[in-house]
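Asker: I need the structure of the sequence given here:
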Amino acid sequence: MVKLTERQVRIINGRHFATVATVMPDCAPEATVVWIETDGKYLYFNTAFPRLKARNLERDNRVAITVFDPAHPYRDALAIRGRAELITEGANEHIESSRDDTRARRSKAFAPASPASSSRSPPKGSTCNDQGVMAKATRAVSVRAATHDDLRAIVGIYNWAVNQTFATIDSEPLDTEEAAQWWEAHGKRSKLLVATDESVESGVIGWARLLPWNQRGFDVVEDLVYVDPVHQGRGIGKALLMELINEARGLGYRTIVATIATDNRHGLQLHTSLGFEAVGTIRNAAHKFDRWMDITLVQRSLED
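Answerer: Next up is the predicted model:
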């Protein structure tokens, strides 16, 4: 069960758009615009057979739901991943009543047909990750230096992390003016990389940054890694971090560090998988989502 913040409840109960992504037979995501509402416990959305969304849910009931304010799509948005249960009782009546309600709200699935089946059999050459949706393993991803043209995508990914995760302790997303100022002050002055996928409209599906650690007198470098939530689970974060490690070593640094919210389990796992080790924790270091959180410092030697 996902506990929503007051801001997220406001988004759900206000005027906004919603999409649901289901899993295709080749494990690629398929996104559809939907009506969403909540009873305070579950999210509900409509589908009908023989539509593709309903067929996907019969085979694999994993979903990713995104709800956002159309006036502020980067600032006011939320994303929830989970499993849907197909319900037939009252579904047709619910679809009819929903047509007059343009407000999007919260995940179970209404479908005027048979219950979902949990069986699934991905084809050869494809991968399905049980913690989310993963596209074909053969899809090419490349890492390159960022340019100013990438700024909009970079900020979009970052603002999603601000609103939805502990990947950053920042609680306020960047607007257009602030993003431009950030690029001038930091973006073009530090080692900034992007991961790209030609099949994605913006091209950019993740970014990473290398910057001097903010402790005076230390010859240490710090990394930041962010990945588009739609493409998480594809090894993009690892590819970006590996490239940052190589860049830091090439620049002559001896140590690379990262400061990670202790609740950011995926961030800690990513760094641990590439040889980082936790060296300390700062208790109650930052306040976000209505509570205090600890920050873990991890480091890796670059001399191996």
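Asker: for residue 298, helix, strand, or coil?
Answerer: Per DSSP: H, G, I helix; E, B strand; the rest coil, the secondary structure class of residue 298 is strand.
Asker: how many other residues sit next to it?
Answerer: Around residue 298 there are 22 other residues, counting by other Cβ atoms under 10 Å. All C-beta atoms are positioned from the backbone trio N, CA, C, and that covers glycine.
Asker: Residue 296 now?
Answerer: Using other Cβ under 10 Å, residue 296 has 20 neighbouring residues.
Asker: That one and residue 17, how far apart?
Answerer: Distance of residue 296 to residue 17, given as Cβ to Cβ, to the nearest Å: 36 Å.
Asker: Repeat that for residue 66.
Answerer: Counting by Cβ to Cβ, the separation of residue 66 from residue 17 is 9 Å.
Asker: Chain neighbours aside, what residue packs nearest to the spatially most central residue of the chain?
Answerer: Closest to where the C-alpha atoms of the chain average out (Cα atoms, centre = their mean) is residue 229, at 2.1 Å. Distances taken as Cβ to Cβ, 6 or more residues apart in numbering place residue 79 nearest to residue 229, at 5.5 Å, with adjacent residues excluded.
Asker: correct me, but that neighbour touches residue 63?
Answerer: No. With contact defined as Cβ atoms under 8 Å, residue 79 does not reach residue 63; the gap is 10.9 Å.
Asker: more neighbours, these two?
Answerer: Ranked by neighbour count (other Cβ under 10 Å), residue 79 and residue 63 place residue 63 first, with 25 against 17.
Asker: For the more buried one, list each beta-bridge partner.
Answerer: Under DSSP bridges, the beta-bridge partners of residue 63 are residue 82.
Asker: contacting residues for it?
Answerer: Counting by Cβ atoms under 8 Å, 6 or more residues apart in numbering, residue 63 touches 20, 21, 22, 57, 81, 82, 83, 84, 107, 109.
Asker: Okay, and which of these map to helices?
Answerer: With helices taken from DSSP state H, the overlap with the contacts of residue 63 comprises residue 57.
Asker: what's the following helix or strand after the helix or strand of the chain with the lowest mean pLDDT?
Answerer: The helix or strand of the chain with the poorest confidence is strand 108-110; it has a mean of 37 (mean pLDDT, DSSP states H and E). Sequence-wise, the next helix or strand downstream of strand 108-110 (DSSP states H and E) is strand 142-145.
Asker: Buried residues of that following strand, list them for me.
Answerer: residue 143 (16 or more other Cβ atoms under 10 Å).
Asker: Could you please name the strands it pairs with and the direction of each pair?
Answerer: Sheet pairing of strand 142-145 (DSSP bridges) gives strand 191-196 (antiparallel).
Asker: Ramachandran coordinates for residue 290?
Answerer: Dihedral pair for residue 290: phi 70, psi 20, per degrees, to the nearest 10.
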